[in-house]
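Enquirer: Need the 3D shape of this:
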Amino acid sequence: MSGDLYRIQEGPISADALHDAVLGDSDGAVATFAGVVRDHSMGRRTSYLVYDAYKDMAEKKMEEIGREVKAKWEVDRVGMLHRVGRLEIGETSVLIAISAPHRKAALEACHYAIDRLKETVPIWKKEVWTDGEEWIEGDPSATGQAAGKT
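Expert: This next block holds a predicted model:
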């Protein structure tokens, strides 16, 4: 997919670099979503997170999502980056950027892309709290667990 970018990486994610990578002269919009490590989860204080991924499969699944996005919306380029390793509070864990001629397509496609990534891409997260740790399966925010609502 020419101009698209799908990567699992260990180092920090640059929002500016991904924005520039997807932006073309025919684009009137670039929508981005950044997932950031917060200091709490499921009613507990978070110290840090650890992400792991099946890199080759994850990048292939991300590319599949990009193809789905392009089939559903008039968008030009898709960029999806996800970190692995230890991430501290405030660091970006995932960044999605989608360029399009118009904002509505870019925004809707970006929303769809992060939801699909959470559902289908083989990436695992370990929450490390001040009082323990646990590998989390799935998206806790989808079930209300993220706010401590079980």
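Enquirer: ok but R38 is inside a strand, no?
Expert: No. Secondary structure of R38 (DSSP: H, G, I helix; E, B strand; the rest coil): coil, not part of a strand.
Enquirer: close enough to count as contact, it and E91?
Expert: No. If you go by CB atoms under 8 Å, R38 and E91 don't touch, sitting 10.4 Å apart. Any C-beta I mention is one placed from the backbone N, CA and C, and that applies to glycine too.
Enquirer: Show me which of these two is the more surrounded one.
Expert: E91 (15 against 11; other CB atoms under 10 Å).
Enquirer: what about the more buried one, distance to A71?
Expert: 32 Å (CB to CB, to the nearest Å).
Enquirer: How many neighbouring residues does F33 have?
Expert: 17.
Enquirer: If it is in a bridge, with which residues?
Expert: On the basis of DSSP bridges, F33 is bridged to I96.
Enquirer: show me the contacts for it.
Expert: V94, L95, I96, C110, H111, A113, I114 (CB atoms under 8 Å, 6 or more residues apart in numbering).
Enquirer: Within the helices and strands, which one has the most centrally placed residue in the chain?
Expert: Centre of the chain computed as the mean C-alpha position; nearest residue by CA atoms, centre = their mean is V94, 3.4 Å away. Counting by DSSP states H and E, the element that carries V94 is strand 92-100.
Enquirer: I'd like the average pLDDT over the helix or strand that that strand is followed by.
Expert: Scanning forward in sequence from strand 92-100 by DSSP H and E, the next helix or strand is helix 103-120. For helix 103-120, the mean pLDDT works out to 98.
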